[in-house]
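*Asks:* need a 3D model of the sequence below.
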Amino acid sequence: MNFKIRKLRNTYLVCFFIILVFILTACFSPKDNRAANEIKPITKTNFLMGTLVKITVYGDVDDTVFSKSFERIREIEDKMTINKDTNKSEIIKLNNSSGKDFIELSTDTDFVLTKGKYYSEISHGKFDITIGPIVKLWNIDTENAMIPDKEIIKEKLSLVDFTNLELDKSGKKAKLKDEGMMVDLGAIAKGYAADEVAKILKNAGVKHAIINLGGNILTIGKRPDNSDWRLGLQDPYQPRNEYMAIVKLNNQSLVSSGTYEKYFEVNGKKYHHIIDPHTGYPPENGLISVSIITSNSIDADALSTCIFLLGLEQGMNLVETLTDVEAIFVTDDKKVYVSSGINQDNFELINMNYQLQNQW
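*Replies:* Predicted coordinates for the structure are as follows:
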């Protein structure tokens with residue numbers, strides 16, 4: 001059997017695998033440029049939540065703001081991880097108590113579980129935070145990645161059902177009804193962490209910043225020259241730093257889910273990391289990436305996976321019912337579809353190998 005796992009060459013490059021931030025020079029008067037140039041960026045990085053975290057702030061800011069931001073991310077990771085051996089993880093405790101009693105939750109974990117269950121509900125289970133048993137079977141993005149036995153997948157699918165996650169809002173408690181159930185917050189926790197970092201930065205008086213948490217981008221304000229942030233969407237078929245489009249953001253988050261970075265191959269067939277909770281397999285729905293734009297990164301994070309799993313038609317229909325949500329779909333035949341709030345003012349297709357299908 002021809003078996004190949006594609007891994008990132010350098011762990012510290014993980015955060016750039018779908019969205020790469022680049023700042024393009026806009027046309028301003030010399031006076032405006034001089035004023036903007038006086039505001040220098042300060043960038044700090046750390047490795048948290050299994051990925052590179054990069055925080056760039058424009059203007060004077062105390063170093064403690066960065067340390068507080070990284071510590072906040074670490075706190076969230078400790079509470080919500082299922083991959084680290086820690087007695088601080090409330091999700092590990094919840095999973096270990098499946099089929100038994102309620103466990104107490106912090107405000108953080110209660111909020112993320114509530115959000116996760118909401119997106120599970122509106123997607124009719126296409127996004128399901130109880131997908132843990134299936135994710136563990138595949139082990140994608142590890143050296144132990146494998147195609148699970150069909151019967152084992154069928155058995156584990158019986159444990160995937162968000163309606164069997166009970167949340168007691170009166171006391172911030174949670175319970176998994178059936179033994180063996182597992183919550184996995186990998187598709188939503190980084191977005192929440194980015195939002196929490198933004199709160200710290202804003203409370204410190206920061207007006208211009210970019211938070212990059214493993215490819216989850218959240219911007220604060222505009223650029224110092226009062227122009228929008230310009231972010232490049234990675235071309236799925238080209239090496240890193242090759243872009244297919246430019247997206248403009250202002251106080252918004254951009255998160256993408258795609259098939260082309262985290263995957264393994266068996267006999268020439270790729271199996272990517274986005275698993276359908278209804279089938280237990282990576283979907284083959286013609287999409288290669290979905291990018292979501294929202295004000296809050298937790299929503300963009302969850303929706304990028306949710307909308308990808310729903311597919312182009314159902315995903316677009318859901319996006320159009322939601323407030324403050326826009327989407328960019330890229331199909332495997334290089335067609336690009338955008339939601340109604342995407343236009344020439346905030347989106348530019350720069351690679352003519354791709355075709356924009358719904359023109360404004």
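
*Asks:* and the helices in this structure?
*Replies:* 30-37, 63-80, 90-96, 107-122, 132-138, 150-157, 189-203, 297-321 (DSSP state H).

*Asks:* could you list every residue that touches the residue nearest to Tyr58 when sequence neighbours are not counted?
*Replies:* Sequence neighbours aside, His208 is the residue nearest to Tyr58 in space, at 3.9 Å (criterion: C-beta to C-beta, 6 or more residues apart in numbering). C-betas here are computed from N, CA, C, even on glycine. Contacts for His208 (C-beta atoms under 8 Å, 6 or more residues apart in numbering) come out as Ile39, Val57, Tyr58, Gly59, Ile220, Gly221, Lys222, Arg223, Pro224.

*Asks:* distance of Tyr237 relative to Asp333?
*Replies:* Using C-beta to C-beta, to the nearest Å, Tyr237 is found at 11 Å from Asp333.

*Asks:* looking at the two, which is more packed in?
*Replies:* Tyr237 (15 against 9; other C-beta atoms under 10 Å).

*Asks:* hmm, back to that, show me the one of the helices of the chain that comes nearest Leu231.
*Replies:* helix 297-321 (12.4 Å; C-beta to C-beta).

*Asks:* now that closest one: how far from the chain's centre is it?
*Replies:* Relative to its chain's centre, helix 297-321 lies at 12 Å (C-alpha atoms, centre = their mean, to the nearest Å).

*Asks:* quick one: contacts for Thr294?
*Replies:* Here Thr294 is in contact with Gln252, Ser253, Ala300, Leu303, Asp324, Val325, Glu326 (C-beta under 8 Å, 6+ apart).

*Asks:* try 10 Å this time
*Replies:* 191, 218, 252-255, 300-304, 322-327 (C-beta atoms under 10 Å, 6 or more residues apart in numbering).

*Asks:* same check, this time on Ile73
*Replies:* Counted by C-beta under 10 Å, 6+ apart, Ile73 has contacts 46, 48-49, 53, 55, 189-190, 192-194, 196-197, 200, 211, 213.

*Asks:* put the buried members of these into a ChimeraX selection.
*Replies:* The ChimeraX command for the buried members of the contacts of Ile73 (criterion: 16 or more other C-beta atoms under 10 Å) is given here:
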select :46,48,49,53,55,189,190,192,193,194,196,197,200,211,213
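
*Asks:* tell me which of the contacts of Ile73 is nearest to Glu242?
*Replies:* Leu213 (22.5 Å).

*Asks:* and the closest one, how far from Gln252?
*Replies:* 15 Å.

*Asks:* with adjacent residues omitted, what lies nearest to the residue nearest in space to the middle of the chain?
*Replies:* A centroid search over the chain (C-alpha atoms, centre = their mean) returns Asp301, at 3.6 Å, as the residue closest to the centre. What sits nearest to Asp301 in space, not counting adjacent residues and going by C-beta to C-beta, 6+ apart, is Gly191, at 2.7 Å.
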